[in-house]
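Visitor: take this sequence and fold it.
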Amino acid sequence: MFKTKKEVVFVILAGIFITNAVVAELIGGKLIQIGPFVMSIGILPWPVVFLTTDLINEYFGEKGVKKLSFITACLIAYAFILLFMAIAIPAAKGISPVNDDQFQAVFGQSMWIIVGSIIAFMVSQLIDVSIFWFFKNRTGDKKIWLRTTGSTVISQLFDSFIVLGIAFWLPGKINFDTFLSSALIGYTFKLSIAVLLTPLIYAGHHLIKKYLEEDITHKD
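Guide: Presented below is the predicted three-dimensional model:
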C-alpha cells in the first residue's frame, strides 16, 4: 500500500466516504423541521458521500464503488452492534456525565432504523454506480456533470423514500403525509446540494488527475 499516488488517493477518498456514510447513519434518528417540512438530520453528511462516490467512480471504476459500498454497509452494521453493546453495559452511577437514559435516547435507534438505513444505502449506491456508468459509457470523459447529477437524481429518490419508509412510516412513527413530505423535502435538499457540488466535482477531478499525472511523469 501507498507505493503509488493512486493508492493514496483511493485510501483518502475511501476514508472520507466511509466516515460520512457511518456518521450519517448514526445521526439519522434525529428529525429536524424546516418550515412545514420534517426531514432527518442524517442528510447533512450525504453531499460529501455523493462527491466521493463520483470521484471513486471516475478513477477506480464500478467495481471499486461496489466493493467499497459493501464494506461500508458492513461497517455500519458493526457500528450499530458496538452501540448495542455500549447500551447494554450500565453507566457508572454518580460518576458518568452521561447516564443510561441519555445514552439510550441518543444512540438507541430501533432495528427498523438500522435495517432501513443499510437497505437504503446499498440500494442507492448500486443504482448510483449503474446510472453513472450508463452515462459515462456513452459520453466518455465528457459531460462529467451529466453522469454525476444524473446518477444522484435517481439513486437519492430511492434512498429518501426507502430509509424513511422502513425506519419511520412502517413502524407507525410518522403518518403517510409526514412520510411523503419528509421524503420529498429530503430528496429535494440532497438533490439541490448535489447540483451545487458540481463545481467541486470538477475541481476534485482536476486535482486528482493532475496529482496522478505527476506520478506517471515522475516514473517516466
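Visitor: output the below-cut-off pLDDT ranges for the chain.
Guide: Within the chain, the segments meeting pLDDT under 70 span 1-2, 215-220.
Visitor: what about the strands in it?
Guide: 31-34, 37-40 (DSSP state E).
Visitor: pull the distance from the first one to the chain's centre.
Guide: Centre-to-centre, strand 31-34 and its host chain are 19 Å apart (CA atoms, centre = their mean, to the nearest Å).
Visitor: so what touches stretch 61-74?
Guide: Here stretch 61-74 makes contact (CB atoms under 8 Å, 6 or more residues apart in numbering) with 10, 14, 17-18, 21-22, 53, 56-57, 118, 121-122, 125-126, 128-130, 132-133. From N, CA and C alone the C-beta is placed, and that goes for glycine too.
Visitor: contacts only, for the nearest residue to I162 once chain neighbours are set aside.
Guide: Distances taken as CB to CB, 6 or more residues apart in numbering place A120 nearest to I162, at 3.9 Å, with adjacent residues excluded. Going by CB under 8 Å, 6+ apart, A120 touches F158, D159, I162, V163, I166.
Visitor: now swap in T53 and tell me
Guide: Here T53 is in contact with F17, V65, Q125, D128, V129 (CB under 8 Å, 6+ apart).
Visitor: scan those residues and report the most crowded one.
Guide: Using other CB atoms under 10 Å as the neighbour criterion, D128 leads those with 27 neighbours.
Visitor: pretty sure that residue contacts S155?
Guide: Yes - assessed by CB atoms under 8 Å, D128 is found in contact with S155 at 3.7 Å.
Visitor: about what we covered before: select only the buried ones of the contacts of stretch 61-74 in ChimeraX?
Guide: For the buried members of the contacts of stretch 61-74, the matching ChimeraX selection, counting by 16 or more other CB atoms under 10 Å, is:
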select :10,14,17,18,21,22,53,56,57,118,121,122,125,126,128,129,132,133
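Visitor: from L75, how far off is E7?
Guide: For E7, the distance to L75 (CB to CB, to the nearest Å) stands at 20 Å.
Visitor: so for the two, which residue has more residues nearby?
Guide: L75 (15 against 11).
Visitor: distance of the more buried one from I81?
Guide: Between L75 and I81 the computed distance is 10 Å (CB to CB).
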